[in-house]
Each structure stands twice: as structure tokens, then as C-alpha cells.
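Asks: Prediction below, plus the sequence it came from.
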Amino acid sequence: MKKFLALILTVSFASADQIFPEPGWVEQPDAIASPYARKGGVLRFAAFRPPKSLNAYLDSNTYTRQVFDMMYETLLAIDSVTAEFSPNLASRWTISDDKLTFTFEIDPRAKWSDGVPVTAADVEWTYNAVMDPKNATGATKVILGVFEPPTVLNERTIRFKAKECHWRNLLALGDFEILPKHAFEKQEFSKLNLTDTPVVSGPYVLTKVKEQIEIQMDRRPDWWAVDRPANRGTMNFDKVIFRYYTDNENAFEAFKKGQVDVYAVYTARLWANETHGEKFDKNWAVKQRVHNYEPIGFQGFAMNMRRPPFDDLRVRQAFAHLVDRETMNRTMMFNAYFLHRSYCEDLYNDKHPCKNAFYEFNIDKAKALLQEAGYRPNPQTGLLEKNGVPLKFRFLTRDSSSEKFLALCNHAFKQVGIQMEIDRKDFAAWMRDIDEYNFDMTWASWSSQIFRDPEPMWSSLEADRPSGNNITGFKDPVVDELIKKQKTIFNTAERNEIMRKIDERIAAQVPYVLLWNSGATRLLYWDTFGMPDCILSKFNDERSLVGYWWYDPDSAAELKAAMKSGAVLPHRDVEVYFDEVFNK
């Protein structure tokens, strides 16, 4: 009875419903946030590829998502350390015993920036706008498409019914951003780019846009949730400016000139060769590599298995042996990376060692596999053929930086008798070809999530869906059954065990020539900031610093004085390990 007496609800929940937060729950400060944080100052952040829209339902650009999340809140939050759900726009929620029905009660304190209360009608309108067939909200349509249209029970309560039981259902509902019905319902959603100062509910609002150059976000002192314990010490900058650059090199030069405050290094050469000189040697610009629990994605050469020559496993295996990753890592990337053998690297450890095959560079093995696949050298040209058709393919690329790697690959391909054509396009054209699966091979990089869902990338049903994540056309009935099995498992450790089995099956089919990755985030920043000891949050990359760092006027004054006099500032550890510094 205590559960029901403790909740003042305007609707009745079934006795079998699980009610959250559980009785006795008390909101606590964010464990990552520093008690020493202060409000004020400006953060200038280097970003890439100016977005076509700031509406993340219409544009999947990484920085679109970050800006969007600073303006619009989700129903639930995820604890920065435990990764458990906690209240956000919704102050309470319930899950039915069969895990199909989800009911959310909006916090009565929640308000839009124009003072209008956030209501269940806003949630309903957002869902309907996303699911409207005429709106190009593809990825979110797939996620929310497993629910029936929601039912508004009263002004602050809304109920969703899932079509099937799935562990990700609560994540899907809790993690989608709610938009203001009263502000946007008369506008065409597909053109709702949010480039004018919009009505928002979150801690920041867009105030300036210089198209293709930069955008400015201003902190909202009247944010409805500013005084909640969970938000203390977070969202500290008065202004956050995202400056857009065409590539890493331009952004790095801007950092060295002091035009941006923080730069995340994704090029090993820059980290190894260019972070020297007075600015770095005297610690005016800080260099740190942060090791935390950010989920590790993967990257590699994606092979289109829908058509020859990559519809043959032996050909894919041969190509995996023809890419000299070891030499690339040693000679081009200063041994800064580990070489992949898995699509889920962080699911393996001493207790769960990875048993996937490691494809070393081996031309003889590649030749044998290609011969087994029916390819023979043409006596006149020396090029490999099968039934009179030469073994050639088109490598679709979107930037020149990949070409030095492809040149080394092509040397091995030519030795074997394979012809490669490099087809370089701009990002928009490359993306169109990828969405239409109009490629033979391309370089693709994928991030990961705390809660892994294999369905979008590895389900056979997704192999032929346009604009999907299953770009290789991977199909495997065993993987499909494992995906189906994990849907109803709510224990993360048990799902991870299934995910390792899925990973083993995928690796055996070689849809990608796996490449390399880094287990850390490499950061450069001017020494003008305060920050938590762990630098970044537990599960995120450099983008999390926007929420936890603050401008430190004392450090800024010391930096200015040091640069004027040539003095050396105190050294900061280059290597930062989350477990060693968090709550030490």
C-alpha cells in the first residue's frame, strides 16, 4: 500500500504495474559534476560538417544531435554513473507486468521557455509528427514504430502500448526529445530546422546562427530544472559556440590560433607530431588522453554483400588478408591504435576472451582463398578473372585523407591481380550512394551505445531497407534468431552474452575488413577551465565536457600572464583513467 499512498496520481495504475522511481528514492546530485563548478564564461567548440538542420529528427549529424539535446529534453534521463533511468520531463512512470504498457506523468514544474507548461499533448504531438509518413524522420520512425499511437489520459499523463515485448521499449520512449505543440503545430515539420530562436524546454537556447560558420547557444537562467539536485554543477557556460570546420586540419589550426577552446584529436599524426612547441611545452595548451567507459564502436571497409564480388565469403576473407593494418598503424598512425577483431570490443575481457579470427596481412592466404572462389589469372593481363569477368570493384570514398591508406591497399591488390577504382564524392553524394546501397566497398565508422541493440545493423529485415544501418546487406538466420531471443531479456549481462554469440557469427561472415580503434579520447584545450577530476563523464566522449566543465577566471588570468611573460604553467597528467580519479 505504501507505493500507492506515496504517489499522488490523477489516474489509477494496475496493481501489477511497476512504479518508478521506487518508494524511498531521493534525487541526488550528478556524481560526475564538481561542487566547485561556477556559472559564466564562453566555450568555443570545434565542430565538423555544418548540419542541414538543427532538428535531430531530420538530420543525423553528430553536432545536430548535441545542439538539439541542449534545447529539448527527453522524458527520462540516464544516470551518468549507474546508467539507470531517472526522472527528467517525466517525474513518474510505470511499466505493466507484461512489459507492454508504459505510462508517463509529466513533472508539474516543467515549462517551455515561453512559460507554457509541458503537457502530455506535447508528447503526443511529437510522436505523431515523427511517425507522420510525409516527414523524413526515418531512424526515429523505426524506433518508435513498435508502439501504437499514445493515449492522453489527462493533461500531464500519457500512455504508450508496445506491439511486442522488447527491452529497448523503455529506452525508446524515455530517450526521445519532446517538442512544443503550441509553438510548432502550424509549421511544416519537414521544414522545421530550428534556426530561429525557438521555444525550448532545455538548459540552452539557440540565439545566433552564422550559416556554415558557427552557431551560438545561450544558457537559460530560467530553465525550469535549474535547481534540481541532479543538475547542480552542470550546464555552466553562459554561452556555447559551435564553430564549423571542413576538416580536422583546419580545426586544429584554429585551435592553435586560439579561435576555439577545445579540440578533440582524431588524427594520430597531429597528436604525435604537431602537439609540440611553446604552447604545449609550457602547458598553456593542455594535452590529455582520457580513458573511460565510453562504448567502443568499430570501423572498417564495408563490403556490399548484395552483389559480386563480395557476395562470396572467400572473397571477403581474402580482402581481409590483403589489408596491411599492422604496417598502416606503425608507419602512418604511430602505433596509436589497437587492431579490431570484433564488432563489440568492449564486451570482451579476461573473463570473456574474444575468440574471433584475427586477419593478419598474408598475400598467400588471400591468393589461395581467391583460387578456391574460382578466380584465375588471365594469361595475357595477369588480372584475376572468373568466367571471363575480371575481379574489380569500386571503392566509394568521401575525403582525400583515406587515399594514402588505399594506396597501400592497392599495392597488395595489384600484386594479386585485383583492380580497384577509387570513386571520390562529396559527403552529400557519398551519403546518397550509401543510403541506396550503391557501392562495392566503402570506409564506414560506427559509434556504439551503453545498451547495445544489434537489430538495426545486423537483422536480415534491415538488409534491404533504404537508408538503414545494415549497409553491407548482412543476412544470417542464426543471428536473426539470436536477435529475436535477446528482445525479451531485460538483464544487460545476459544480453551481452547473446551479443558475444552474435558477434562471433558476424565476424565469421566478414562483412567488413575491420580496421582499428582507440580506447581513449584525445583532448587539447587551453588552460582556462575548471573540470571534474575525471575530465569527461563515465560513458561519453569529448561532447560531455559541455555539461561538466566551467570557465575559471583565475586560470584564464594565469594563462594570459604566462603567455605574456613566457612562464610555464603547472603540468597536468597526460593519461587520465576514470577509475583512478573518480571519487578518489
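Replies: On my side now, so go ahead.
Asks: Around Ser342, count how many other residues there are.
Replies: The tally of other residues near Ser342 (other Cβ atoms under 10 Å) stands at 20. C-beta here means a position set from N, CA and C on the backbone, and glycine is covered the same way.
Asks: next one: Ser113
Replies: Counted with other Cβ under 10 Å, Ser113 comes out at 19.
Asks: Torsion angles phi and psi at Phe280?
Replies: The phi and psi values for Phe280, taken as degrees, to the nearest 10, are phi -90, psi -40.
Asks: Tell me the spacing between it and Tyr266.
Replies: Phe280 sits 18 Å away from Tyr266, going by Cβ to Cβ, to the nearest Å.
Asks: And Leu370, by the same measure?
Replies: Taking Cβ to Cβ as the measure, Leu370 falls 34 Å from Tyr266.
Asks: How about stretch 422-437, which residues are buried there?
Replies: When burial is assessed from 16 or more other Cβ atoms under 10 Å, stretch 422-437 yields the following buried residues: Asp423, Trp430, Asp433, Ile434, Tyr437.
Asks: Closest one of the residues you listed to Ala251?
Replies: Nearest to Ala251 among those is Trp430, at 20.1 Å by Cβ to Cβ.
Asks: The closest one sits in which helix or strand?
Replies: Applying DSSP states H and E as the criterion places Trp430 in helix 427-435.
Asks: And for Thr74, the neighbour number?
Replies: 17.
Asks: Give me the pLDDT for it.
Replies: Note on Thr74: pLDDT of 98.
Asks: Please parse this structure into its domains.
Replies: Following automatic domain parsing, one finds the domains of the chain at 2-30+61-191, 211-291+521-581, 298-517.
Asks: for the longest one, the distance to its chain's centre please.
Replies: The reference is to domain 298-517. 20 Å (Cα atoms, centre = their mean, to the nearest Å).
Asks: now the lengthiest helix in the chain: mean pLDDT?
Replies: Assignment by DSSP state H gives helix 492-509 as the longest helix of the chain. With pLDDT averaged residue by residue, helix 492-509 scores 96.
Asks: Adjust the sequence numbering to begin at 15 for everything that follows.
Replies: All right, first residue 15 from here; so that's helix 506-523.
Asks: Packing partners of it?
Replies: Judged by 3 or more Cβ pairs under 8 Å, 6 or more residues apart in numbering; DSSP states H and E, helix 506-523 is in contact with helix 491-500.
Asks: Dump the helix it packs on to PDB, keeping only the CA atoms.
Replies: Output in PDB follows, covering the C-alpha atoms of helix 491-500 (Å, rounded to 0.1, in the frame of the first residue of the first chain):
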ATOM      1  CA  PRO A 491      19.200 -16.800 -39.900                       C
ATOM      2  CA  VAL A 492      21.100 -17.700 -36.700                       C
ATOM      3  CA  VAL A 493      21.800 -14.100 -36.000                       C
ATOM      4  CA  ASP A 494      18.100 -13.300 -36.600                       C
ATOM      5  CA  GLU A 495      17.100 -15.900 -34.000                       C
ATOM      6  CA  LEU A 496      19.600 -14.600 -31.500                       C
ATOM      7  CA  ILE A 497      18.300 -11.000 -32.100                       C
ATOM      8  CA  LYS A 498      14.800 -12.300 -31.500                       C
ATOM      9  CA  LYS A 499      15.800 -14.100 -28.400                       C
ATOM     10  CA  GLN A 500      17.500 -11.000 -26.800                       C
END
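Asks: who does Ser58 bridge with?
Replies: Quick fix: residue 58 is Arg, not Ser. Taking DSSP bridges as the rule, Arg58 bridges to Ile255.
Asks: My read is that it contacts Tyr277, right?
Replies: No: at 10.1 Å, Arg58 does not count as touching Tyr277 under the criterion of Cβ atoms under 8 Å.
Asks: Neighbour count: the two, which is higher?
Replies: Tyr277 (24 against 20).
Asks: immediately after the helix or strand hosting the more buried one, which helix or strand?
Replies: For Tyr277, the host element (DSSP H and E) is strand 276-278. Going down the chain from strand 276-278, the next helix or strand is helix 282-287, by DSSP H and E.
Asks: Just give me how far that following helix sits from the chain centre.
Replies: How far helix 282-287 lies from its chain's middle: 24 Å, per Cα atoms, centre = their mean.
Asks: what about Met347, how many neighbours?
Replies: 18.
Asks: and it, what does it touch?
Replies: When contacts are counted by Cβ atoms under 8 Å, 6 or more residues apart in numbering, Met347 is found next to Ala282, Arg283, Trp530.
Asks: follow-up on the earlier one: between the helix or strand following the helix holding Trp444 and helix 441-449, what angle do the directions make?
Replies: As assigned by DSSP H and E, the chain's next helix or strand after helix 441-449 is strand 455-460. Angle, strand 455-460 to helix 441-449, by axes from the mean of the first three to the mean of the last three Cα atoms, to 10 degrees: 100 degrees.
Asks: Moving C-terminal from strand 455-460, which element do we reach first?
Replies: Sequence-wise, the next helix or strand downstream of strand 455-460 (DSSP H and E) is helix 469-472.
Asks: mind checking which of the domains of the chain is nearest Pro65?
Replies: Closest to Pro65 of the domains of the chain, according to Cβ to Cβ: domain 16-44+75-205, at 4.1 Å.
Asks: Just give me how far the closest one sits from the chain centre.
Replies: Distance of domain 16-44+75-205 from the chain centroid (Cα atoms, centre = their mean) equals 21 Å.
Asks: likewise stretch 558-570?
Replies: 23 Å.
Asks: then that stretch to CSV, C-alphas only?
Replies: Output of stretch 558-570 as CSV, limited to C-alpha atoms (Å, rounded to 0.1, in the frame of the first residue of the first chain):
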residue,chain,number,x,y,z
SER,A,558,30.2,15.5,-22.4
LEU,A,559,32.5,18.3,-21.3
VAL,A,560,29.9,20.9,-22.4
GLY,A,561,27.8,19.7,-19.5
TYR,A,562,30.5,19.5,-16.8
TRP,A,563,33.3,22.0,-17.4
TRP,A,564,33.2,25.6,-16.4
TYR,A,565,35.1,28.8,-17.2
ASP,A,566,37.7,29.6,-14.5
PRO,A,567,38.6,33.3,-14.5
ASP,A,568,41.6,32.7,-12.2
SER,A,569,43.1,30.1,-14.6
ALA,A,570,42.3,32.4,-17.5
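Asks: Report the buried residues of it.
Replies: In stretch 558-570, counting by 16+ other Cβ under 10 Å, buried: Ser558, Leu559, Val560, Gly561, Tyr562, Trp563, Trp564, Tyr565, Asp566.
Asks: Repeat that for stretch 543-560.
Replies: Buried residues in stretch 543-560 (16+ other Cβ under 10 Å): 543-546, 548-560.
Asks: Point out where the stretch 465-598 of the chain drops to low pLDDT.
Replies: 598 (pLDDT under 70).
Asks: how many other residues sit next to Glu572?
Replies: 17.
Asks: next one: Leu420
Replies: 19.
Asks: If I follow the layout properly, it ends up in contact with Arg438?
Replies: No: using Cβ under 8 Å, Leu420 is not in contact with Arg438; the gap is 10.0 Å.
Asks: Pull up the overlap in contacts between those two.
Replies: Common contacts of Leu420 and Arg438 (Cβ under 8 Å, 6+ apart): Thr411.
Asks: Find the centremost residue of this structure, please.
Replies: The residue lying closest to the centre of the chain (Cα atoms, centre = their mean) is Ser461, at 4.8 Å.
Asks: Report the distance from the strand holding Tyr277 to the chain centre.
Replies: Relative to its chain's centre, strand 276-278 lies at 17 Å (Cα atoms, centre = their mean).
Asks: Right, I'll call it a day here.
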